[in-house]
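**Q** Sequence first, predicted coordinates after that:
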Amino acid sequence: MVLKGGNRRSFEMRLEAAVRRRVAQYGGFSVGSKQSVVFVEPQSETCDVPGAFGSLRGQFGAASLNRAVECEKDVSAIAETAKTYLADDFARAKSFKVETKRADKRFPMTSVEVSQYVGGELNEAFPQCAVNMRNPELMVLVEIREDSAFVHGNAVRGAGGLPPGSAGRAVSLLSGGIDSPVSTYLAARRGLRITPVHFFSFPYTSERAKEKVIELTRILARYCGVTTLEVVPFTRIQEEIARGCPEEFGTIITRRFMAEIAEKIAFRVGASAVVTGENLGQVASQTIESLAVTGAGLSLPVLRPLITFDKREITEWAERIGTLKTSILPYEDCCTVFTPRRPSTKPRLARITEAEAALDRETLIAEAFAGTEKIKIDETGII
Ligand code: ATP
Ligand code: MG
């Protein structure tokens, strides 16, 4: 974990708790932390270590991960362990270096002596891999602690960000598209617990469109943890807008309803921000003017993690976090069904609120809010 500042301990405890929950499904592990490093140790032979390690790569708050093997506190045992444990890494690397950290100051050799000895042995065992003190491909780390020694290979990059919940909670508007799963992920990575909210317009959008959002939530739950997806019945509102408002304002008025209902849900679940997948200039509803009008009625901040991204960058993220395949499944989205032919790109708030006066907004919002379905989802399925 990479942190500065005084509240490090509380962040560490959150990370530790999240790691503990995550590895529990792979067997009995002990989890503890010291100086911003979380140690996870299998307690029996039956633990699925590769499984746990793989799953921790998605853990927010972990800057890097390192697998280590324990061995006897004796230099030749350390060298032998490094040879077998890191044989694959040595086969791939062109250069290496050994570094030693000695927590046990009574150990009979200095750190430099240990590094030299182990480095010499490894150099003999893997002659094609040269010693390089400046910029090695493979960094072998030897740690000599009180009870035993540890050998590590290269660290792999972790998911980064901050531990779950360290920034509070937000609701996230989750459609079935490519963008909003990515914005949800990125917001969660900054330490926000997420309550996803989906607006569902049955029968204009099918049960399968809802299934798709459930599946996306399930994928996101691998990173964000257990969550409750809030599905808001939106059909009546969309029909009323189509019937009562000028067509060119349809999308923007729809967005304003979504924002307001999302904020009501935020207050109910104790969230302090609204996250969307909006992105500057992709479509008419996402010009600066439109974004301003959409968020105008809210008292909570609207977070738009993707605001400056190119579509290609968003798609690359979607691919990396595993949501893309599901997002591109061809089920309709409630906004495309009612999309105006010539949407307004520079709406003015006064004109929009005037148009909205034709609707009984309060009742429509209260009804949709009251009808919200809550679907609890963990990383494995609906629970
Ligand atoms: P996405 O790929 O996330 O659907 P998009 O580029 O298609 O985004 P829009 O469809 O205009 O953009 O939606 C903008 C944002 O509004 C979405 O990213 C999402 O946060 C929210 N949104 C749109 N439709 C819905 C919906 N049916 N339920 C929940 N949120 C929605
Ligand atoms: Mg969309």
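**A** Arrived safely. Ligands and ions are numbered 1, 2, ... in the order given.
**Q** which ones are touching Pro233?
**A** 200, 202, 368, 371-373 (Cβ atoms under 8 Å, 6 or more residues apart in numbering). Bear in mind the C-beta positions are built from the backbone N, C-alpha and C, glycine included.
**Q** buried ones in stretch 276-292?
**A** Within stretch 276-292, the residues scored as buried using 16 or more other Cβ atoms under 10 Å are 276-279, 282, 284-287, 289-291.
**Q** next one: it to chain centre, how far?
**A** Stretch 276-292 sits 23 Å away from the centroid of its parent chain (Cα atoms, centre = their mean, to the nearest Å).
**Q** contact partners of it?
**A** With contact meaning Cβ under 8 Å, 6+ apart, stretch 276-292 is reached by 172-173, 175, 177, 179-184, 251-252, 255, 294, 302-309, 311, 314, 343-349.
**Q** Can it be said to contact ligand 1?
**A** Yes. Applying Cβ under 6 Å from any ligand atom, one finds stretch 276-292 in contact with ligand 1 at 276-278, 282-283, 285.
**Q** ok, these vs ligand 2, which is closest?
**A** Gly277 (7.5 Å; Cβ to the ion).
**Q** give me phi/psi at that closest one?
**A** When read as degrees, to the nearest 10, the backbone of Gly277 gives phi -90, psi 20.
**Q** tell me the pLDDT at it?
**A** Note on Gly277: pLDDT of 97.
**Q** circling back to that earlier point, among the contacts of stretch 276-292, which lie within strands?
**A** If you go by DSSP state E, those have 172-173, 302-303 in strands.
**Q** Could you identify which of those has the most neighbours?
**A** Top of the ones in strands among the contacts of stretch 276-292 by neighbour number is Ser172, holding 31 neighbours under the definition other Cβ atoms under 10 Å.
**Q** now that one, which residues is it bridged with?
**A** Beta-bridge partners for Ser172, by DSSP bridges, are Pro196, Val275.
**Q** quick one: it and Ala187 touch, right?
**A** Yes. Counting by Cβ atoms under 8 Å, Ser172 touches Ala187, with 6.1 Å between them.
**Q** Give me the neighbour count for Glu362.
**A** The tally of other residues near Glu362 (other Cβ under 10 Å) stands at 9.
**Q** Repeat that for Phe267.
**A** Residues near Phe267, counting by other Cβ under 10 Å, number 12.
**Q** This protein - how does it break down into domains?
**A** Domains of the chain are assigned by automatic domain parsing as 1-63, 67-154, 168-382.
**Q** Please identify which of the ones you listed is closest to Gly161.
**A** Comparing the domains of the chain by their distance to Gly161 (Cβ to Cβ), the top pick is domain 168-382, with 3.4 Å.
**Q** Tell me both backbone torsions, phi and psi, for the residue in the stretch 151-300 of the chain that ligand 2 sits nearest to.
**A** Going by Cβ to the ion, ligand 2 is nearest to Gly177 of the stretch 151-300 of the chain, at 3.4 Å. Here is the backbone geometry of Gly177 (degrees, to the nearest 10): phi -80, psi -170.
**Q** hang on, Thr235 packs against Ile241?
**A** No. Thr235 is not in contact with Ile241 according to Cβ under 8 Å; the separation is 11.0 Å.
**Q** Check Lys34 and give its pLDDT.
**A** Lys34 is given a pLDDT of 82.
**Q** Any idea how many residues pack against it?
**A** Neighbourhood size, Lys34 [other Cβ under 10 Å]: 9.
**Q** Can you name the residues bridging to it?
**A** In this structure, Lys34 bridges to Val37 when assessed by DSSP bridges.
**Q** Return the distance of it relative to ligand 2.
**A** As defined by Cβ to the ion, to the nearest Å, Lys34 lies at a distance of 45 Å from ligand 2.
**Q** what helix or strand is the residue in the chain sticking out farthest from the centre on?
**A** The C-alpha centroid of the chain is most remote from Pro108, which lies 44.9 Å away (Cα atoms, centre = their mean). Here Pro108 sits in a region with no helix or strand, counting by DSSP states H and E.
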